[in-house]
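**Q** Model the structure of this input:
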Amino acid sequence: MGTEPTTQHPPAPDGAGPLVAEVDVLVVGAGLSGIGAACHLRREVPGRSVLVLEARDAIGGTWDLFRYPGVRSDSDINTLSYSFRRWRGDAVIADGATILDYIRTTAAEHGVDRLVRFGRRVLAACWSSADARWEVEVERAGGGRERYRSRFLYLNTGYFRYDRGHTPELPGLDRFAGPVVHPQR
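**A** The predicted model follows:
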């Protein structure tokens with residue numbers, strides 16, 4: 001298979017949506033890890049087709065979501081940086097905007113930004129031993145569903161739920177008179 005996804009539109013089984021593409025590797029998540037995985041794949045196995053699915057409308061994951069003043073990494077940037085594109089900045093503990101720029105620039109330099117399908121939230125993934133393929137059901141942001149097939153499924157979704165952050169139960173919060181601020185909102 002070549003480096004571009006195979007596009008097909010056969011009828012969808014059970015109303016799951018049309019088959020949009022069949023690729024060698026389907027990467028889920030366009031944050032730091034997903035972009036890194038896609039870049040590695042492009043570098044190490046350039047003859048394989050790769051596609052990245054991202055539920056949100058931007059590359060960057062956590063670093064795109066969290067934009068509050070002072071957001072930064074709690075790890076040194078050398079630990080987070082990619083082995084194929086080492087960090088060259090002066091800061092050891094980088095702020096969120098700098099990390100976001102690093103991710104987006106890396107994606108653009110390796111052509112991975114063109115492989116991302118935005119607004120694609122994965123609903124289910126099912127392995128078929130008979131076909132030796134993953135079948136992935138996706139919900140589009142504007143409505144409707146699609147299916148993707150791949151030989152390898154690479155999940156890079158992180159540990160934050162982007163559509164709503166964890167909000168712990170705090171006794172007495174209903175009596176608190178001040179503003180309640182959630183960093184994800």
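**Q** Now do Pro69: how many residues are near it, please.
**A** 6 (other CB atoms under 10 Å). (C-beta placed from N, C-alpha, C; glycine too.)
**Q** my bad, Leu155
**A** 14.
**Q** How about it: what's its closest non-neighbour residue?
**A** Val28 (5.0 Å; CB to CB, 6 or more residues apart in numbering).
**Q** Surely the one you found and Gly34 touch.
**A** Yes - the criterion here is CB atoms under 8 Å, and Val28 meets it with Gly34 at 7.0 Å.
**Q** could you pull out the helices for the chain?
**A** 32-44, 62-65, 77-80, 96-109 (DSSP state H).
**Q** one step back: show me what the residue nearest to Leu155 is bridged to.
**A** Beta-bridge pairing of Val28 under DSSP bridges involves Leu53, Leu155.
**Q** Return the per-residue confidence for it.
**A** At Val28, the model reports a pLDDT of 97.
**Q** coming back round to it: intersection of neighbour lists for Val28 and Gly34?
**A** 52, 154, 156 (CB atoms under 8 Å, 6 or more residues apart in numbering).
**Q** how about those in a markdown table, adding distance to Asp76?
**A** As requested, the shared contacts of Val28 and Gly34 are arranged in a markdown table below (distance: CB to CB, whole Å):
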| residue | distance to Asp76 |
| --- | --- |
| Val52 | 26 |
| Tyr154 | 26 |
| Asn156 | 21 |
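**Q** Please report which of those has the highest neighbour count.
**A** Val52 leads these on contacts (other CB under 10 Å) with 28 neighbours.
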